[in-house]
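this one's sequence-less:
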């Protein structure tokens, strides 16, 4: 048996904010997701230039008389094993995002999922043991190998975290930590009433 999707009216009442049903917040959502992804980049890629490739400053051969082109050093970028021109070097990719922009992006993300009928209000799930099959059974067959799901709970639960971690298509996060990118990445969003309350607080700050 499937869960019933959370209606726009109920979502608006529980979140205590209006559900966005137009293009408002699209740019904020884009900027926020780009920032999240950029901030995860390590930026440690690096190549050696002609100044950092190991080797002496000895001239490979004399200037004239050999029939070869003139060469002054073996670290030249035109040689195999030489330096790299305009290659990548360590850099910081992180982007700063205004908190109001993040808040609007979060509201836009949850609104888009509610409007699409992909948010399901569920009762709190309690697992005696961190068993993945028990967690999947609690979701009543709403998740399979072709469906990715986001489970938003009110408070941290070690058993739920461990059970969902072992499932390749299920992510568990609390209402005070879920972000706009996570809401967009999954096919279905399962959320408890308590988690909606925490999300509501974030949307009203």
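Everything's here; your move. Keep in mind it's a predicted model, so treat the numbers as computed, not measured.

and the helix-or-strand element of the chain with minimal mean pLDDT, what does it pack onto?
One helix or strand of the chain scores below all others by mean pLDDT, DSSP states H and E: helix 132-138, with a mean of 89. Packed against helix 132-138 by the contact rule (3 or more Cβ pairs under 8 Å, 6 or more residues apart in numbering; DSSP states H and E) you find helix 158-165. Where you see a C-beta, it was placed from the backbone N, CA and C, and this is true even at glycine.

List the buried residues of the helix it packs on.
Buried positions in helix 158-165, judged by neighbour count with 16 or more other Cβ atoms under 10 Å: 159-164.

JSON lines for the residues you listed, including pLDDT and distance to residue 104?
Listed next are those as JSON lines, based on pLDDT from 0 to 100; distance: Cβ to Cβ, whole Å:
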{"residue": "159", "pLDDT": "93", "distance to residue 104": "34"}
{"residue": "160", "pLDDT": "93", "distance to residue 104": "29"}
{"residue": "161", "pLDDT": "94", "distance to residue 104": "29"}
{"residue": "162", "pLDDT": "94", "distance to residue 104": "34"}
{"residue": "163", "pLDDT": "93", "distance to residue 104": "33"}
{"residue": "164", "pLDDT": "92", "distance to residue 104": "28"}
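
Which parts of this structure are strands?
Along the chain, the stretches classed as strands by DSSP state E are 119-122, 149-153, 170-174, 188-192.

wait, residue 32 sits on residue 99?
No. In this structure, residue 32 is not within contact of residue 99 by Cβ atoms under 8 Å, at 10.5 Å.

now the longest helix belonging to the chain and strand 188-192, what's the angle there?
The helix that spans the most residues within the chain, counting by DSSP state H, is helix 99-115. If you take axes from the mean of the first three to the mean of the last three Cα atoms, to 10 degrees, helix 99-115 sits at 110 degrees to strand 188-192.

mind listing what the nearest residue to residue 135 once chain neighbours are set aside touches?
Leaving aside its sequence neighbours, residue 135 sits nearest to residue 163 (Cβ to Cβ, 6 or more residues apart in numbering; 4.1 Å). Contacts for residue 163 (Cβ atoms under 8 Å, 6 or more residues apart in numbering) come out as 127, 130-132, 134-135, 172.
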